[in-house]
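In: With the sequence up front, the predicted model follows.
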Amino acid sequence: MQKIAIIQISEAGKEICDLIEREYKATLIQRTDVGKRWSDFDAFVFIGAMGICVRTIAPFVKDKHTDPAIVCIDSLGVNAVSVLSGHIGGANDLTRDIAALVGAHEVITTQSDVAGLWALDTFAERFNWAIASDDDMNQCIAAFVNREPTALLMDIRDEGTDYLEKTLPSHVTIVNSLTDVDPRKFKLVIIVSPYNLCAPDGMPELHFVPMIAALGFGLASHPDDYDHIYDEIDEAMSRIGVLPCYKRYCTIDVKKEEEFCAMLVDDMGEELVFYTAEQLARVEVPNPSETVLKHVGTPSVCEAAAILGSNHGKLIVPKVKGKNWTAALAIDYKYLRQKKGHIEIVGAGPGDPDLVSVRGRKMLERADLILYAGSLVPRELTDCHKFGAVVRSSADMNLEEQCALMKEHYDKGHFIVRLHTGDPCIFGAIQEQMAFFDANGMSYHITPGISSFLAAAAELRSQFTIPERTQTIILTRGEGRTPMPEKEQLHLLARSQSTMCIFLSAAIVDDVQRELLTEYPEDTPVAACYHLTWPDQRIYRGTLKDLAKIVHDNHLTLTTMLVVGEAIDNRQGLSELYSKHFTHLFRKGDPS
């Protein structure tokens, strides 16, 4: 969290000063103390005239890489101005935040911001990238903001490169190789790569190194010169053509007490992960060692640890030997471009395309194949697909056909989205698919979604947990064609009289009502929610004694959520309860 100092120049700005001080836990200092405390804070916020701000800081300004962020707000809160260290120091972002807080107009004059271009000098911190090029950053930024023709080479995929592709300026061209960079055509090269690449001679180059790899290492017992190993590994990787791009270090747990491991964590601040010999021994590696097996119980340490640390990724650098160490490097397949397929199981949410998660939307925009549960997921959710993507409904496909289609695209190195309704973990039918992926060694991941029970609470404008009344939400279904475990029969679950959300049970509503009535009072509020958040959404309220009649009379079908419990529409007693037990949640004098 930023350490922020506030300088209140005039009494008129006191209200703004108090607000910023409270919101940012900032420190109020005197204007005469700015020079003495120049290095104590990440940012200084002046409240008053710009001229006084500029004259105050002028004697202390040295370098944009070390100067703190300076923001000036007029005493009436009309304008918030980014004065100094806009990008690297974070003044631009702080200006935007403060302007939003006080309702001011943000004034940012940095050319890249005004022109709507990338802030290249923020990418390293923003995306966890290192900078490898020796060229002058200012020279590269000047060429870029002046819209000189720029080549962009990206041989990995991460959050940063996704952003670059999505926001590509008109003067930037994506290239697949540096051989495509003609110095007569381009004036700047931007590289995002863990590999040691160089632009054609004489061309300005900005090379970002994404920290995406797992470095597995093994150590000789108590090496004398352990403090040199860190640099020796970097040098060895560089000779191979790989730059230091490690997001974590990995090794066997018997090395926990080695001084090198302590140095990695305590002195270098690196992430260090340990694996047992049993975990490492299960990993197939290209260079197993009988000697290693004899001493630590696994045929590989460095290669196996790198593979495990990269989520069973690709071994980019097999075992390299040093004097007292071995090392290997692996990268998660999700970071590699068109090398291997990947399947992302995405929760679509309850139906409204706006309710898919931001991450889920990004996955849909990136996919080469979208296979969606057509009977439950509106096709409109797939409208964001990229040009050339295959979009298929699985409504008329059996499990074998679905898996075969995904495997076909996977083997082509495609990115696949399997789109399921709500959140995939709740009656999502993904277990059989994951078993298929596991059996075939396929890479996959799950992006959670908003479940329809959450949409039900929102549409009913109800809090499903009420202090001292009900603190439990039960998600279940009635017993239809799918048998229920004996201990999860509805009449047993109903004993708690919790808020109960019943999925996939409209067709057996008579049985559901009968079981619920064994424990809930007949006047318990209920709601039958059909196609939650869809354009044809319908919600019917009533009491438990009429639940079956509500469903039958309105011809409600499988995609209906049944909700039962006194939490529905309950407003009684909440104000008194919160004023009695939760006063500590509100600030003194806060009218809310």
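Out: Great, that's in hand. Numbers count the residues shown, from 1 in each chain.
In: contacts, neighbours, all on C-alpha from now
Out: Fine.
In: ok, now which ones touch the residue nearest the centre of the chain?
Out: Note on the chain: the residue nearest the mean C-alpha position is residue 359, at 6.9 Å, using CA atoms, centre = their mean. The neighbours of residue 359, taking CA atoms under 8 Å, 6 or more residues apart in numbering as the test, are residue 447.
In: separation between it and residue 346?
Out: Between residue 359 and residue 346 the distance is 9 Å, computed by CA to CA, to the nearest Å.
In: same deal with residue 133?
Out: 38 Å.
In: Who has more neighbours out of those two?
Out: Neighbours per residue (other CA atoms under 10 Å) separate residue 133 from residue 346, with residue 346 holding more: 27 against 19.
In: Does the more buried one lie in a helix or a strand, and which?
Out: strand 342-347 (DSSP states H and E).
In: now stretch 325-345: mean pLDDT?
Out: Stretch 325-345 shows a mean pLDDT of 87 in the predicted model.
In: picking up where we left off before, so what sits against both of residue 359 and residue 346?
Out: By CA under 8 Å, 6+ apart, the residues touching both residue 359 and residue 346 are residue 447.
In: Could you pull out the helices in the stretch 401-550 of the chain for me?
Out: Taking DSSP state H, counting those that start in this stretch to define them, one finds helices in the stretch 401-550 of the chain at 431-439, 452-459, 490-493, 509-516, 547-553.
In: Out of the ones you listed, which gets nearest to residue 295?
Out: helix 431-439 (31.4 Å; CA to CA).
In: Please spell out the segments of the chain that come in under the pLDDT threshold.
Out: 134-135, 222-224, 338-339, 573-592 (pLDDT under 70).
In: so what's the closest residue to residue 119 other than its chain neighbours up against?
Out: With CA to CA, 6 or more residues apart in numbering as the criterion, residue 119 has its nearest non-adjacent residue at 6.0 Å, and that residue is residue 112. Residues near residue 112 by CA under 8 Å, 6+ apart: 118, 119, 145.
In: Name the member of those with the shortest distance to residue 4.
Out: Looking across these and measuring by CA to CA, the closest to residue 4 is residue 119, at 22.9 Å.
In: Quick check: the closest one touching residue 90?
Out: No: between residue 119 and residue 90 there is no contact under CA atoms under 8 Å: 11.3 Å.
In: Tell me, how many residues neighbour residue 375?
Out: Neighbours of residue 375 using other CA under 10 Å come to 13.
In: and if you look at residue 228?
Out: The number of residues near residue 228, taken as other CA under 10 Å, comes to 11.
In: next one: residue 110
Out: 17.
In: What of residue 528?
Out: 24.
In: wait, what's in contact with it?
Out: Residue 528 touches 539, 540, 541, 547, 550, 551, 560, 561, 562, 563, counting by CA under 8 Å, 6+ apart.
In: now do 6 Å
Out: If you count contacts by CA atoms under 6 Å, 6 or more residues apart in numbering, residue 528 has them with 539, 540, 561, 562.
In: Of those residues, which pair is most distant in space?
Out: The span of the contacts of residue 528, defined through CA to CA, is set by 540 and 561 at 10.7 Å.
In: ok, the two, which is more surrounded?
Out: When residue 540 and residue 561 are compared for neighbours, residue 561 comes out ahead with 26 against 15, by other CA under 10 Å.
In: Tell me if I'm right that the more buried one and residue 503 touch.
Out: Yes: in this structure, residue 561 is within contact of residue 503 by CA atoms under 6 Å, at 5.3 Å.
In: In contact with residue 276: list those residues for me.
Out: Shown in contact with residue 276 (CA under 6 Å, 6+ apart): 252, 253.
In: Now the phi/psi pair for it, please.
Out: Dihedral pair for residue 276: phi -80, psi 160, per degrees, to the nearest 10.
In: Residue 175 now?
Out: Torsion angles, degrees, to the nearest 10, at residue 175: phi -120, psi 150.
In: For the residue nearest to it when sequence neighbours are not counted, the count of nearby residues, please.
Out: Using CA to CA, 6+ apart and skipping the chain neighbours, the partner closest in space to residue 175 is residue 153 (5.3 Å). Residue 153 sits with 21 neighbouring residues when counted by other CA under 10 Å.
In: and if you look at the one 10 residues further on?
Out: A count of neighbours around residue 163, defined by other CA under 10 Å, yields 13.
In: List the buried residues of the helix or strand that contains it.
Out: Assigned by DSSP H and E, residue 163 belongs to helix 159-166. Buried positions in helix 159-166, judged by neighbour count with 16 or more other CA atoms under 10 Å: 160, 161.
In: how about the CA coordinates for that helix, as CSV?
Out: The C-alpha trace of helix 159-166 is given here as CSV (Å, rounded to 0.1, in the frame of the first residue of the first chain):
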residue,chain,number,x,y,z
GLU,A,159,-2.2,-11.2,-19.1
GLY,A,160,0.1,-8.6,-20.6
THR,A,161,0.2,-9.9,-24.1
ASP,A,162,-3.6,-10.4,-24.1
TYR,A,163,-3.8,-6.7,-23.2
LEU,A,164,-1.4,-5.8,-26.0
GLU,A,165,-3.3,-7.7,-28.6
LYS,A,166,-6.7,-6.3,-27.5
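In: can you list the residues that contact it?
Out: Here helix 159-166 has contacts from residue 127, using CA under 6 Å, 6+ apart.
In: give me that answer again for 8 Å
Out: 123, 127, 154, 192.
In: Which residue is the nearest non-sequential neighbour of residue 491?
Out: Nearest one to residue 491, counting by CA to CA, 6+ apart, is residue 515 at 4.8 Å.
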